[in-house]
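> fold the following and give me the result.
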Amino acid sequence: MESSELEVLRRQVVTQLQQGLTEPQALAVQHVRRTLAPYPPSDVRYVRTIEEEIAMYESVTVDDIRSLYADFLGNQAGEVAVVGDFDADEVKALLKTQLQGWTTSQPYVRVDKAPHPEIAGSTTAMETPDKANAFYFSQQQYALADDEPSYASLVLGNFILGGGSLSSRLADRVRQQEGLSYGIRSMVQARAKDDAVNFTLYAITNPENESRLSQAIREEIDRLRDEGVTNDELERAKVSYLQSARVRRTNDSTLASELLGTMFNDRTMKYHAEHEQQIEAATVEGVNQAVRSYIVPQNLVIAVAGDFAKVAKEAKSEESK
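Predicted structure coming up:
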């Protein structure tokens, strides 16, 4: 790499990060990620502020990049997945030729990232002046293995709450009925080797609707926990979830990614078959228990970012008329 090439890349990265300094989504996500990663700056798992990221990229030199390649990048670890119409032997021979001799003295060591369910829930409001939209972002972590039946039950509970691609309780209430959000979704993501699961919920809204949005989200979570899912709701969620999973695998790139994940986690596609069996076998009682055990609103780390000062100023102006 030449210095001129580095400068072009540096400008692109730094410019994008600088834009994030005033963007509701970037700031809200960064705040929650930092809260849930209680590591010192010397730890590779430390989550930098946007300002720290900018300083880091501005200080990188060509020699730093060359040293990284020389000391760390090699063929000592990795996975390859190829999906499509190809000759397997030819691909293997090509990969062997391309990777031969690409070695390094540094051994591959995976960095564990344990979950932190002990971190207390909190709500932080962040001002982003002159931004038309506000962003709501929340997350919590669980110590949970993704091959347990309770994980499959939690996946279905989340699918009903806000993970469904076509319909969910949050989308029906917040977007369709009350028009409080341009987009709202919740998701459950597992890190198999850490026995860790993240629950994430986000929404885009008008700053003046933020308090109503937050209240509606809390009410829908409470209603799901208090009243539980219905049998009809659960059966529809099972069908939709399984259909979506099977449709995704008809896409070559998605299937390749799924294969990579199974190899990285020392698994085969048998894991996905067993997970889908657990989805099919899930009961109303099991899903309700998983929701009540894991999706606890007071434990959410929440950040909302937007131009709330302008909303307050306009409201005060209206009151004075």
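> shaky segments in the stretch 51-200 of the chain?
Scanning the stretch 51-200 of the chain for pLDDT under 70 picks out 165-166.
> need the strands for it, in chain order.
For the stretch 51-200 of the chain, applying DSSP state E, counting those that start in this stretch gives strands covering 122-127, 134-143, 183-191, 196-205.
> could you tell me how many residues sit around Ala145?
13 (other C-beta atoms under 10 Å). C-betas here are computed from N, CA, C, even on glycine.
> tell me the contacts of it?
By C-beta atoms under 8 Å, 6 or more residues apart in numbering, the contact set of Ala145 is 151, 192, 195.
> re earlier: nearest to Glu258, out of the strands of the stretch 51-200 of the chain?
Smallest distance to Glu258 across the strands of the stretch 51-200 of the chain (C-beta to C-beta): 13.3 Å, for strand 183-191.
> rewinding a little: I'd like the strands of the stretch 51-200 of the chain as a markdown table, with mean neighbour count and distance to Leu242 appended.
Converted to a markdown table, the strands of the stretch 51-200 of the chain look like this (neighbours: other C-beta atoms under 10 Å; distance: least, C-beta to C-beta, whole Å):
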| stretch | mean neighbour count | distance to Leu242 |
| --- | --- | --- |
| strand 122-127 | 14 | 35 |
| strand 134-143 | 23 | 23 |
| strand 183-191 | 18 | 16 |
| strand 196-205 | 22 | 20 |
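> of all the ones you listed, which lies closest to Ser253?
Closest among those, using C-beta to C-beta: strand 183-191, at 18.8 Å.
> one step back: out of the strands of the stretch 51-200 of the chain, nearest to Ala273?
Minimum separation from Ala273 across these (C-beta to C-beta) falls at strand 183-191, 16.4 Å.
> and the angle for the closest one with strand 196-205?
Calculated by axes from the mean of the first three to the mean of the last three C-alpha atoms, to 10 degrees, strand 183-191 forms an angle of 170 degrees with strand 196-205.
> how far does strand 183-191 sit from the chain's center?
Computed by C-alpha atoms, centre = their mean, to the nearest Å, the chain-centroid distance of strand 183-191 equals 6 Å.
> stretch 18-34 now?
How far stretch 18-34 lies from its chain's middle: 14 Å, per C-alpha atoms, centre = their mean.
> quick one: mean pLDDT for it?
Summarised as a single mean, pLDDT over stretch 18-34 is 97.
> quick one: the strands in the stretch 201-321 of the chain?
With DSSP E, counting those that start in this stretch, the ranges of strands along the stretch 201-321 of the chain come out as 301-306.
> low-scoring stretches of it, by residue?
Looking along the stretch 201-321 of the chain with the criterion set at pLDDT under 70, you get 318, 320-321.
> try 90 this time
Scanning the stretch 201-321 of the chain with the threshold set as pLDDT under 90 gives 310-321.
> which residues in it form helices?
210-227, 231-248, 252-264, 270-281, 284-294, 308-319 (DSSP state H, counting those that start in this stretch).
> show me what the last one is packed against.
The contact analysis (3 or more C-beta pairs under 8 Å, 6 or more residues apart in numbering; DSSP states H and E) places helix 308-319 against strand 122-127.
> one step back: would you format the contacts of Ala145 as JSON lines with distance to Glu178 and neighbour count included?
Formatted as JSON lines, the contacts of Ala145 follow (distance: C-beta to C-beta, whole Å; neighbours: other C-beta atoms under 10 Å):
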{"residue": "Tyr151", "distance to Glu178": "31", "neighbour count": "21"}
{"residue": "Ala192", "distance to Glu178": "37", "neighbour count": "17"}
{"residue": "Asp195", "distance to Glu178": "38", "neighbour count": "17"}
